[in-house]
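> Prediction below, plus the sequence it came from.
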Amino acid sequence: MTLVIFTIGLALIFDFLNGFHDAANSIATIVSTRVLKPHWAVLWAAFFNFIAFAFFGLSVASTMGVGLIDPSIVTVPMILATLIGAIFWNIFTWYFGLPSSSSHALIGGLLGAGIAKAGFAPLKMVGITKVLLAIVISPLLGMIIGLLMMFITARLFFYTTPHKIDTWFRKLQFISAAFISLGHGGNDAQKTMGIIAVVLYTSHLLGDKFYVPLWVIIACNFVIALGTFFGGWRIVKTMGMKITKLKPVSGFCAESASAITLFLATGLGIPVSTTHIITGAITGVGSLNRMSAVRWGVARNIVWAWILTIPAAGVVSAGVWYLIQYLNV
């Protein structure tokens, strides 16, 4: 029982780091356009992170808990190894200011620990394929929607003075930032919910049926909101300032495109990366003016972080699993 409590505590630490690491996704655009100062932006984002559980179902949590790997082979030490691998990769990428995916670090950790324990047989390829496809499709979708929104907005307000556009969209960014924070809380908090629920399920604390208890739902949303409140300023700089220069109108389009993509993925039960999506949306919005407006070197480094995340977290988690077995925890 002590190991179960410790593992749940570690899962909540990961949830906090998820919010801390991904705070940039929610606030980078509204901070870089100077609509809100950073401390007010994190409060705004944290509030909508917390209340997200009231707006979404739990299909992403189910995918994480029982949709990627056969729950019959899952043990508490295996989840412990999963979380250590994911947390290590989160801290590593945070230190270097790389906006990698906390979501895929967790998925990579789960798959790495699962393969180390039981080989490839327990893997559920339908769920894994869904996640792998989303790695490619979600940022592209964010980019396309952002590009289209920016194009339509530019046509609609072609004859409007820049001052009026700036004034209107500074106000509208409050709404778009709220929606992306809802999407972030709705998708990302559910990943930790799924992990905690599968720990309870495999420890025979949920009965015969897998579900997510209410206290887990509230705790995960609260902790991710707390992480967002403390923020990750290194990554805010990369997301909001290094990829392309943003104005309130482009920030609104990028945030709206990201929110639409997140809502769609959450509705389909697909655990996606908020980082991937907002990066794609910012890139799409920035490329409308001219391709040189996007700093593609920064975007390329970010893509390499995406590619490495699942295998890197998986290797660390597999190593931790073997260490746990050696120590006979």
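Sure, I can see it.
> Surely residue 15 and residue 227 touch.
Yes - counting by C-beta atoms under 8 Å, residue 227 is a contact partner of residue 15 at 6.9 Å. The C-beta positions use only the backbone N, C-alpha and C, and glycine is treated the same way.
> can you pull the pLDDT of the closest residue to residue 94 other than its chain neighbours?
Nearest residue to residue 94, sequence neighbours excluded (C-beta to C-beta, 6 or more residues apart in numbering): residue 21, at 5.4 Å. Residue 21 is assigned 71 on the pLDDT scale.
> what about residue 21, which helix or strand?
helix 2-32 (DSSP states H and E).
> and if you look at residue 324?
Using DSSP H and E, the element containing residue 324 is helix 296-327.
> Over to residue 41?
Going by DSSP H and E, residue 41 is part of helix 38-50.
> Give me the distance from that helix to the chain's centre.
16 Å (C-alpha atoms, centre = their mean, to the nearest Å).
> Show me what the helix holding residue 21 is packed up against.
Packing contacts for helix 2-32, counted by 3 or more C-beta pairs under 8 Å, 6 or more residues apart in numbering; DSSP states H and E, involve helix 38-50, helix 76-95, helix 102-118, helix 162-202, helix 214-230, helix 233-237, helix 248-267, helix 274-289.
> hang on, the earlier thing: any buried residues in the helix holding residue 41, and which?
For helix 38-50, the buried set under the neighbour-count rule, 16 or more other C-beta atoms under 10 Å, comprises 41, 42, 44, 45, 46, 47, 48, 49, 50.
> Kindly reformat these as a markdown table containing distance to residue 318 and pLDDT.
Formatted as a markdown table, the buried residues of helix 38-50 follow (distance: C-beta to C-beta, whole Å; pLDDT from 0 to 100):
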| residue | distance to residue 318 | pLDDT |
| --- | --- | --- |
| 41 | 38 | 77 |
| 42 | 35 | 78 |
| 44 | 39 | 84 |
| 45 | 34 | 82 |
| 46 | 34 | 84 |
| 47 | 38 | 89 |
| 48 | 36 | 89 |
| 49 | 31 | 86 |
| 50 | 34 | 88 |
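> now the closest residue to residue 201 other than its chain neighbours, what's its secondary structure?
Closest residue in space to residue 201, ignoring its immediate chain neighbours: residue 210 at 5.0 Å, by C-beta to C-beta, 6+ apart. When classified by DSSP: H, G, I helix; E, B strand; the rest coil, residue 210 comes out as coil.
> pLDDT value on residue 210, please?
Taking residue 210 on its own, its pLDDT is 87.
> how about it, what does it touch?
62, 65, 66, 71, 197, 198, 201 (C-beta atoms under 8 Å, 6 or more residues apart in numbering).
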